[in-house]
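Engineer: Sequence and predicted structure below; questions after.
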Amino acid sequence: MTARIRNSKTLKLYRTPTHQCSYREQELASTVFIDPDTQITPRINSELTEMGFRRSGSHIYRPDCKTCNACVPCRIDVKNFKWSSRFKRIWRRNQDLEIIELETSEDQESIALYQNYIATKHNDGDMYPATLEQFRDFIAARTSSTKFIEMRYKNNLCAVSVVDYLEDGLSAVYTYYDISFASRSLGYLAILYQIKKAQTLNLSYVFLGYWIKGCKKMSYKTDFRPIEILVGNRWIKAT
């Protein structure tokens, strides 16, 4: 299998064997991913993201299931983003946090935060228990345009967002945080920060990966408006 991007370069694709879907127990899933030997430049990453691909560690993939098309790529239109009263409160509530962008975030503090996040938030999934090898393969693996956005309260690490800078947007790869800060809504804050960053850089979108209708774990994505979804090969505004 191959995929052709706008610069006429053809990329080789590989397909995984079918396996049980992580989000729909009654479905079998399959994934196609870009040849791991491909050098993922910001341009290639940007074009693949526009086509509905997603980065996970060193792999860029998209669902390719025979009997289900529930995984829908989505992105926030940041130039027309509407700040709800709730989002304004979240932003004000966290003005005492220090937010910095780093080239890497592979230290004991970040690893411990990630492992605790998986143990408390996702202990019913295939990511649990989180190992050091998993952290390095999934979180620490980066492209040349990846940033690690750290949030600190009184110098203590409370959240990390892994973000790829694209040609016309930011891709929210993954965020993990200290569950004891639940009242601060750090997951929402991470996306709001990325929206503000994209606006500052005059970028158009924040890509949130896949959304599945009826999936509680992904329902937060549609709280950000306006949001667009990829249907066929066309991005359209979701209602």
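Structural biologist: Great, that's in hand. Numbers count the residues shown, from 1 in each chain.

Engineer: Let me know the secondary structure of the residue nearest to Leu230 when sequence neighbours are not counted.
Structural biologist: Nearest non-adjacent residue to Leu230, counting by C-beta to C-beta, 6 or more residues apart in numbering: Pro73, 4.1 Å away. (C-beta placed from N, C-alpha, C; glycine too.) Of the three states, Pro73 takes strand under DSSP: H, G, I helix; E, B strand; the rest coil.

Engineer: What's the separation between Pro73 and Ala119?
Structural biologist: 29 Å (C-beta to C-beta, to the nearest Å).

Engineer: Can you pick out the residue with more neighbours from the two?
Structural biologist: Pro73 (22 against 14; other C-beta atoms under 10 Å).

Engineer: wait, doesn't the residue nearest to Leu230 sit right on Met218?
Structural biologist: No. Pro73 is beyond contact range of Met218, at 11.8 Å (criterion: C-beta atoms under 8 Å).

Engineer: overlap in contacts of the two?
Structural biologist: Residues touching both Pro73 and Met218 (C-beta atoms under 8 Å, 6 or more residues apart in numbering) are 210-211.

Engineer: domain ranges for the protein?
Structural biologist: What automatic domain parsing lists as the domains of the chain is 2-71, 74-107+144-237.

Engineer: Asp137 is nearest to which of those domains?
Structural biologist: Shortest distance between Asp137 and the domains of the chain, using C-beta to C-beta, is found for domain 2-71: 4.8 Å.

Engineer: show me the contacts for the most centrally placed residue in the chain.
Structural biologist: Per C-alpha atoms, centre = their mean, the C-alpha nearest to the average position across the chain is that of Val173, at 2.8 Å. Residues near Val173 by C-beta under 8 Å, 6+ apart: 55-56, 146, 161-164.

Engineer: make it 7 Å
Structural biologist: Residues near Val173 by C-beta atoms under 7 Å, 6 or more residues apart in numbering: 55, 162-164.

Engineer: do the same with Gln194
Structural biologist: Gln194 neighbours (C-beta under 7 Å, 6+ apart): 163, 170, 172, 206.

Engineer: On the strand side of things, show who the last one bridges to.
Structural biologist: When bridges are assigned using DSSP bridges, the partners listed for Val206 are Ile76, Leu170.

Engineer: Now do the same contact list for it.
Structural biologist: 75-76, 78, 169-170, 172, 191, 194-195, 198.

Engineer: Tell me the most packed of those, by neighbour count.
Structural biologist: Counting by other C-beta under 10 Å, top hit in these: Leu170 with 28 neighbours.

Engineer: in stretch 14-25, what's buried?
Structural biologist: 21, 23-24 (16 or more other C-beta atoms under 10 Å).

Engineer: and that stretch, how far apart are its ends?
Structural biologist: 24 Å (C-alpha to C-alpha, to the nearest Å).

Engineer: Need the contact partners of it.
Structural biologist: The list of residues contacting stretch 14-25 from outside it, by C-beta under 7 Å, 6+ apart, reads 1, 27-33, 35, 64, 68, 70, 125-126, 212, 215.

Engineer: Try it again at 10 Å.
Structural biologist: 1, 26-36, 59, 61, 63-68, 70-71, 125-127, 210, 212, 214-218 (C-beta atoms under 10 Å, 6 or more residues apart in numbering).

Engineer: No further questions, thank you.
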